[in-house]
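Chemist: Kindly return the folded structure for what I paste below:
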Amino acid sequence: MMASLFSSFDPSTTLGIPLNWTSLMLGLLIIPTSFWVIPSRMEILWNKIINMLHTEFKTLLGLSKMNGSTLVFISLFSLIMFNNFMGLFPYIFTSTSHLAMSLTLALPIWMSFMLYGWFVNTTHMLAHQVPQGTPAILMPFMVCIETVSNLIRPGTLAVRLSANMIAGHLLLTLLGNTGSSMASTMIWILIITQLLLLLLESAVSIIQAYVFAVLSTLYSSEVV
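Modeler: Sure thing, here's the model as predicted:
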């Protein structure tokens, strides 16, 4: 039973233990074993999606020496998209709506890129602080601006994902709570609206996972 508008985002249960985080592992129970054994339609569709993402991420990276690096971003896309979709089901905790989850994904990726870039490609990282053609008088300001924009990248990645997940779920919850006080003739309009919003949230779940993975790929291409 929902006690408040934000109770669906509460990781704790009636026992006072944050057991709702176990929703991250629901995929292991839902994906059938036949998916891994025989070439089912679902497996064929997923392989096409993976091949498409591999081609696009490889184009963004643009380096042949980073073979296999696209698998990291494909796995990241899969994890985020699955958890976004699971949050659309009733009474399932949306883990990606919490900064604890999104920052856990964004911060280590960004930190590993920075450590690799500054230790391996120091000259390239220093040159990246000042765009080509910048006047000499503006160079100190450009360094400050580029440094700040670089430092806020993990935060913008995490907040973008969490905010989009929270906004859609709150809108669905608000409309759903008004159903008990509406006239019977308006219920059908509410149901149709909820279905359209659910369809929109399904698209947002895929788009946000794709944006997170693409931006992570772009950030990695800048340090090489």
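Chemist: nearest residue to G176 other than its sequence neighbours?
Modeler: Q194 (6.7 Å; Cβ to Cβ, 6 or more residues apart in numbering). The way it works is simple: take the backbone N, C-alpha and C, and place the C-beta from them, glycine included.
Chemist: Can you name the residues that contact the one you found?
Modeler: L172, L175, G176 (Cβ atoms under 8 Å, 6 or more residues apart in numbering).
Chemist: cool, and I30?
Modeler: Contacts of I30 by Cβ under 8 Å, 6+ apart: none found.
Chemist: Let's see the pLDDT reported for it.
Modeler: You'll see I30 listed with a pLDDT of 72.
Chemist: One more: Q194?
Modeler: Q194 is assigned 87 on the pLDDT scale.
Chemist: and the next element down the chain from the helix or strand of the chain with the lowest mean pLDDT?
Modeler: Least confident helix or strand of the chain, by mean pLDDT, DSSP states H and E, is helix 34-37 with a mean of 66. Downstream of helix 34-37, the next assigned helix or strand under DSSP states H and E is helix 41-61.
Chemist: What residues sit buried inside that next one?
Modeler: By 16 or more other Cβ atoms under 10 Å, the buried positions in helix 41-61 come out as I50, L53, E56, F57, K58, L61.
Chemist: How far away from the center of its chain is stretch 143-160?
Modeler: On the basis of Cα atoms, centre = their mean, to the nearest Å, stretch 143-160 sits 17 Å off its chain's mean C-alpha point.
Chemist: returning to what we had before: filter the contacts of Q194 down to the ones in helices?
Modeler: Among the contacts of Q194, DSSP state H puts L172, L175, G176 in helices.
Chemist: what residue ranges in this structure score low on pLDDT?
Modeler: 1-8, 13-16, 32-36, 63-67, 224 (pLDDT under 70).
Chemist: That concludes my questions; thank you for your assistance.
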